[in-house]
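[1] Sequence and predicted structure are below.
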Amino acid sequence: MATLAQVDLQKLWEQVISAVSTPQYAAFLSRTKPLGLLPGEVLDSLQELTRLAVQTSLGERSRLMLDIDNFRSDKKAELAELAKQTAEEVKSTGEAIKLRPMNAFERKVVHDTIQEIGLTSESEGEDPDRCVVVLPS
């Protein structure tokens, strides 16, 4: 039987991060595009199903992050770069900047990066239109 995916689990800050690498994921995602699903939405759904399976198996709620073919880690790097560029613009103009709507994972990455830079940010609005506003110091 062929192995379809390689899964590595590690415990980090009381959160289970699952990194999955599989060549079939790209093919799977291409089949979801006609349905109007974005790669992140598919990954979020798979993450929720995986979390529920782990919860059922362990008998307790767990925090789980599923990353397939480095989608989330690449997204995290992109968001950190967006946050850095936005912080530079906020510093130079002295004006607050409102970013596009983001999910909770994306907002957390931006908030954490902005905090590391020494500025402040806040979330505004209601899901699915909730966004980050980067504030001048």
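    Perfect, thanks for sending it. Predicted model, so just to flag it, every value in this text is computed and none were measured.

[2] and the gap between residue 130 and residue 61?
    Note on residue 130: its distance to residue 61, by Cβ to Cβ, to the nearest Å, is 23 Å. Any C-beta I mention is one placed from the backbone N, CA and C, and that applies to glycine too.

[3] Kindly report the domain assignment for this protein.
    What the record gives for the chain is the domain set 6-69, 74-135, from automatic domain parsing.

[4] Neighbours of residue 50, how many?
    Per other Cβ atoms under 10 Å, the neighbour tally for residue 50 reads 18.

[5] returning to what we had before: which one of residue 130 and residue 61 has more residues nearby?
    Looking at residue 130 and residue 61 with other Cβ under 10 Å, you find the greater number of neighbours at residue 130, namely 15 against 10.

[6] Return the distance of that one relative to residue 103.
    8 Å.

[7] OK, contacts around residue 73?
    Residues in contact with residue 73 (Cβ atoms under 8 Å, 6 or more residues apart in numbering) are residue 67.

[8] Sounds good, over and out.
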